[in-house]
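Asks: got a structure for you, letters missing:
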């Protein structure tokens, strides 16, 4: 086995020139070892690309509204259900008008002795049916629940409007 001894004289003979790349003549490169400096390593942060549940519901709702637009004869039935209340609207998207609005907070729907939210949601459905008969509306273009699940209030509302034939079977 041969032992090779590299001296600094062998490396000093190497001269690099970068005429074509950098333009001007460069001095020979000095081979100075770089000192080890301490640096902190940051942990790898991975973020999920998926949408959250509420953002996904909003995106689905926007996509659905592109397909189902309400007219004055066939409006879109939009229902919003908060933690305690229910809001329903018949919307004419072409003229950008609300043909009917009803919610469980209205005094005319609640009655003089106030009823619970489930009974008020049923009354909102009944008021919607009366308003649609007055406006000569026989069907809706789409039933928009805005991504909300069918809870007790939503079911009571749907039973009242299903008798009129608004919901698909």
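Replies: Happy to help now that I have it. All figures in this text were calculated on a predicted structure; none of them were measured in a lab.
Asks: SS state for residue 124?
Replies: Three-state call for residue 124 (DSSP: H, G, I helix; E, B strand; the rest coil): helix.
Asks: Could you shift the numbering so residue one becomes 124, and keep it that way?
Replies: New numbering, starting at 124: the last item is residue 247.
Asks: and the gap between it and residue 290?
Replies: Residue 247 sits 15 Å away from residue 290, going by C-beta to C-beta, to the nearest Å. Every C-beta, even on glycine, is put in place using the N, C-alpha and C of the backbone.
Asks: Which one's more surrounded, the two?
Replies: Neighbours were counted for residue 247 and for residue 290 using other C-beta atoms under 10 Å; residue 247 has more, 27 against 13.
Asks: Looks like the more buried one contacts residue 227 (just checking).
Replies: Yes. Between residue 247 and residue 227 there is a contact under C-beta atoms under 8 Å: 6.1 Å.
Asks: what's the overlap in contacts for those two?
Replies: Here residue 247 and residue 227 share the contacting residues residue 209, scored by C-beta atoms under 8 Å, 6 or more residues apart in numbering.
Asks: Report the separation between residue 278 and residue 268.
Replies: Separation of residue 278 from residue 268 (C-beta to C-beta) stands at 12 Å.
Asks: higher neighbour count, the two?
Replies: Counted by other C-beta under 10 Å, residue 278 and residue 268 do not tie: residue 268 has more neighbours, with 17 against 13.
Asks: excluding its backbone neighbours, what's nearest that one?
Replies: Of all residues not flanking residue 268 in the chain, residue 202 sits nearest, at 5.5 Å (C-beta to C-beta, 6 or more residues apart in numbering).
Asks: Neighbours of that neighbour, how many?
Replies: Neighbours of residue 202 using other C-beta under 10 Å come to 22.
Asks: Would you verify that it is located in a strand?
Replies: Yes. Residue 202 forms part of a strand when assessed by three-state DSSP.
Asks: Do you know the pLDDT at it?
Replies: According to the prediction, residue 202 has pLDDT 89.
Asks: Does it touch residue 213 like I think?
Replies: No. Between residue 202 and residue 213 there is no contact under C-beta under 8 Å: 10.5 Å.
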